[in-house]
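> with the input below, show me the fold.
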Amino acid sequence: MLTHHRSRLLLLLLTFIALYIRIHKIHVDGRVVWDETHFGGFTNNYIAGNFYLDVHPPLGKLLIAFLFRRFGYTGDFAFVSGAEYSSTVPFVSMRRVQAALGALLVPLTFIGCNSLRLPQRAAWMAATFIAFDTALIGISRIIVLDNAFLLVNAAVLCVFAHVNRETEEQKNSASCLVVLGLLLALTLSIKLTGLITVAFVGINTIAHLIRLCGKERTQMLTWFVQFAKRAFALGLFPLVIYMIVFWWHFKFLINYTPQAEHMGSEFNVHLNGSALQIQPEFIHHNSFVTIRANNYPFEYISTLKRLDSLTPEPSLLTTRLLKVECYFGIDLLEASDSSGQQAMRNGSLIHLHVPKSTLYISVLGFQSIGLADTNYKNYSIADTTWMILHHTSAINESPKANMTRPIATKFRLASIEHKCELAILHNMRDYTHGLSMDDQHSALACIPGRGTVWNFEHQLTVSDNPMANISYSVSRSFLKSFVSYNLLMRELNGMLLSDPDKYVAVESTAASWPFLTRPMPMVTWSGDHLKYMLIGNPVLWWGSAIVCIFIHPFLTFMASAITHRTGGRVRPYRPTWSLRVLWYFWAINYFPFFAISRTTYLHHYLPSLYFAILLLAAYLNEAIALASVTLAHQSVFKTRYSTERCIMLGIILSVFIGFWFVYPLAFGTTNPCDYSRFNIFPDWSFCNINHLLV
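Residues are numbered from 1 along each chain as shown. Next comes the predicted model:
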């Protein structure tokens, strides 16, 4: 048994070895590798202040950008995939930071195993396994989000186990709950998949409160105190932290880019360089405007040419997400104001027509909206007349209070003749023009109730109307921007679809991950440069897969079946709470990928792999103890301790062999064909990867 002092020294040594392995020759390949092209590009956006959208929350990218700046980078490199880094990019320092994060996973694993109250032998094996898994090593040698995400997930496990232990001992420390809430916020703020961990902890918390409520001795005041502590520490506090991350994100990105169009008019008008800032202060007669929904997904009213139409004119009225063919002419049906100009106000009656045509937005029938041609004999002026109803104010005597402003004024369009309002029917979205955010269309209808709230986003006038910076009259809601960005992240993730008819070497399915049947190339496979694979230690991956998929579920099922069959008289071996928690963490990080339709890659399995390796170490410890008892009477083993030591050394040796087996592929080799003789699976033919990483 190691003393506490020796344990700390040994853990420090193991951490140093893990760090050395991860940093070794990290500077040799000075090219942009894999997702470094994305996170380098995001860094450039933060430095320049250019707005961008991405599938992940901003915390990890903010930290990467902060470190780049601290190391002296000024944003002058394009980060093209496969390009040689220039001398102005501190890529070696950045990769070393990632390697340090990967190495810190080793001591955190040991601490986590102790928090789970696993035996010391299991903790040492788990830390050693993490140090020598080549997939975890490979991902820690490049500039990506995964290393910080894995580290925070490991910390969540540590604190979650500690909180659960305190709960069982009825200590209920509020500080531990707050720390757990902070870690949950960090997990979610780095990658959207952190929501899975947040959900698991939330379900566990709800189950604890239900059990506490069912206890006879629990007083109502005690229960409410426990509920309030957890609601704040694990609910409100993480949400506030998550929102603060986005507040910083928006604070840095102050310049307009085309991607900002997806955030709506209110957000867009406040960005430097936005074309929406300078325009007439009020909406005037004979002007041309774009009409946009005030809430996500901020569609424009638009025209669309029917595919089977023989005329060049538009024949459909619809909505779309970007400003294409979205301008409409405004005809005000009222006298001019005191200045001699006709300006729109609350209650104004208007016609909306398609430029250079005789088509008007019209009510065609019951709840039916379309384009009516004024040349037809059945044309009715009432069908094309709309009233402007300001959404937040009533008609009053103040002229300027009633005036309709671009973006600032929210309004509804009502048909007085048909007693209905113009609305978007999102459940009738049309994807037939291609699966992209630019080409999705929703139907429009005139409904009896309240319709969609709109704003005039941009105005072009033919008369000499005074121009002004309208951004000062438009308030921007952080909460609205926060919600919109998160909805966009969800939609962007949903659009990352894989083509089932196209072979892409970097893509893989969730079913292939545990047994490592399809390693992932991380650079282009042509040329004489170093070639990398994201490939794990096969001993650890296959062993953990067997434990998670077969052994643990089988033992759990058999324990439940025997207990139920015997009425509790026979108590078979049952996996402990610690083993069940590790399996739950593996499962919740793995099985959701079977349900999502987006493109998936091998690195998505790494959070699950981490917990699987810990579970493997725990079960190997149980197996060692059982084997030592069984073999204790054999003459070759003098004592039970010597038996356990021999078995453990054999396990560690097999892990080293697995590490050495794939080491060159994980660290880079110029001759991947040399390893094609180990074609255990079809996709292990490393010489025949002819598909380039794009």
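> wait, isn't Phe328 in contact with Leu359?
No - using CB atoms under 8 Å, Phe328 is not in contact with Leu359, being 9.8 Å away. Just so you know, the C-beta spots here come from the backbone N, C-alpha and C atoms, and that holds for glycine as well.
> so who does the residue nearest to Ser274 when sequence neighbours are not counted touch?
For Ser274, ignoring the flanking residues on the chain, the nearest one in space by CB to CB, 6 or more residues apart in numbering is Tyr256 at 4.3 Å. The contact partners of Tyr256, taken as CB atoms under 8 Å, 6 or more residues apart in numbering, are Phe51, Asn268, Leu271, Asn272, Gly273, Ser274, Ala275.
> now do the nearest residue in space to Asp383 that is not next to it in sequence, the pLDDT please.
Spatial nearest neighbour of Asp383, chain neighbours left out: Ser362 (4.6 Å); criterion: CB to CB, 6+ apart. Note for Ser362: predicted pLDDT of 88.
> helix or strand for Ser362, which one?
Using DSSP states H and E, the element containing Ser362 is strand 359-365.
> for that strand, buried residues please.
By neighbour count on 16 or more other CB atoms under 10 Å, the buried set for strand 359-365 is Leu359, Tyr360, Ile361, Ser362, Val363.
> what's the most distant pair in these?
The distance between the two most remote of those (CB to CB) is 14.0 Å, for Leu359 and Val363.
> number of nearby residues for Val581?
Using other CB atoms under 10 Å, Val581 is surrounded by 21 other residues.
> so what's Tyr663 up against?
Thr134.
> how far off centre is the host helix or strand of it?
Tyr663 belongs to helix 640-667 when assigned by DSSP H and E. In terms of CA atoms, centre = their mean, to the nearest Å, the centre of helix 640-667 is set 36 Å apart from its chain centre.
> going forward can the numbers begin at 113, since that is how I track them
Yep, numbering from 113; the last one is helix 752-779 now.
> list the buried residues in it.
Buried positions in helix 752-779, judged by neighbour count with 16+ other CB under 10 Å: 755-756, 758-760, 763, 767, 770-771, 773-779.
> which one of those is nearest to Val291?
Proximity of the buried residues of helix 752-779 to Val291 (CB to CB) peaks at Val767, which lies at 32.3 Å.
> now Ala247, nearest residue through space, not along the chain?
Nearest residue to Ala247, sequence neighbours excluded (CB to CB, 6+ apart): Gly648, at 3.5 Å.
> repeat that for Glu529.
Per CB to CB, 6+ apart, closest to Glu529 is Ala494, 3.7 Å.
> can you find the helix or strand of the protein with the lowest average pLDDT?
Here the helix or strand of the chain ranked lowest by mean pLDDT, DSSP states H and E is strand 480-485, holding a mean of 69.
> give me the mean pLDDT for the helix or strand that that strand is followed by.
Sequence order places strand 498-502 as the next helix or strand after strand 480-485, per DSSP H and E. Per-residue pLDDT over strand 498-502 has a mean of 94.
> contact partners of strand 498-502?
Taking contacts as CB under 8 Å, 6+ apart, the residues outside strand 498-502 that touch it are 456-464, 473, 514, 516, 521-528, 533-534.
> for ChimeraX, what selects the buried ones among these?
Applied in ChimeraX, the following selects the buried portion of those according to 16+ other CB under 10 Å:
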select :456,457,458,460,462,463,464,473,514,516,521,522,523,524,525,526,527,533,534
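> among the contacts of strand 498-502, which lie within helices?
Asn514 (DSSP state H).
> ok, and the closest non-adjacent residue to Ala195?
Of all residues not flanking Ala195 in the chain, Val144 sits nearest, at 5.2 Å (CB to CB, 6+ apart).
> show me what contacts that neighbour?
The contact partners of Val144, by CB under 8 Å, 6+ apart, come to Gly152, Phe191, Val192, Ser193, Gly194, Ala195, Tyr197.
> what's the separation between it and His641?
12 Å (CB to CB, to the nearest Å).
> can you check Ala239 too?
For Ala239, the distance to His641 - CB to CB - is 34 Å.
> neighbour count for those two, which is higher?
Ala239 (27 against 15).
> and that one, what is it in contact with?
Counting by CB under 8 Å, 6+ apart, Ala239 makes contact with Leu123, Leu126, Val218, Pro219, Thr221, Phe222, Cys225.
> just want the phi and psi numbers for His361.
phi -60, psi -50 (degrees, to the nearest 10).
> number of residues surrounding it?
A count of nearby residues for His361, using other CB under 10 Å, gives 22.
> for it, which non-adjacent residue is spatially closest?
Leaving aside its chain neighbours, His361 sits nearest to Pro170 (4.0 Å; criterion: CB to CB, 6+ apart).
> so where do the helices sit in the stretch 563-712 of the chain?
Per DSSP state H, counting those that start in this stretch, the stretch 563-712 of the chain carries helices over the ranges 590-607, 650-658, 664-677, 689-702.
> so which of the ones you listed gets nearest Ala177?
Ala177 lies closest to helix 590-607 among the helices of the stretch 563-712 of the chain, at 17.1 Å (CB to CB).
> CA-only coordinates of the closest one in CSV, if you can.
Output of helix 590-607 as CSV, limited to C-alpha atoms (Å, rounded to 0.1, in the frame of the first residue of the first chain):
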residue,chain,number,x,y,z
PHE,A,590,-29.8,40.6,-25.3
LEU,A,591,-32.2,37.9,-24.3
LYS,A,592,-33.7,37.8,-27.8
SER,A,593,-30.2,37.6,-29.4
PHE,A,594,-29.2,34.9,-26.9
VAL,A,595,-32.3,32.8,-27.8
SER,A,596,-31.9,33.4,-31.5
TYR,A,597,-28.2,32.3,-31.5
ASN,A,598,-29.0,29.1,-29.6
LEU,A,599,-31.8,28.3,-32.0
LEU,A,600,-29.5,28.9,-34.9
MET,A,601,-26.9,26.6,-33.4
ARG,A,602,-29.5,23.9,-33.3
GLU,A,603,-30.5,24.5,-36.9
LEU,A,604,-26.9,24.6,-38.1
ASN,A,605,-26.2,21.3,-36.4
GLY,A,606,-29.2,19.8,-38.1
MET,A,607,-28.0,20.9,-41.5
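> what residues of it count as buried?
Buried residues in helix 590-607 (16+ other CB under 10 Å): Lys592, Ser593, Phe594, Ser596, Tyr597, Leu600, Met601, Glu603, Leu604, Asn605.
> re earlier: how near is the residue nearest to Ala195 to Val401?
Applying CB to CB to Val144 and Val401 gives a distance of 44 Å.
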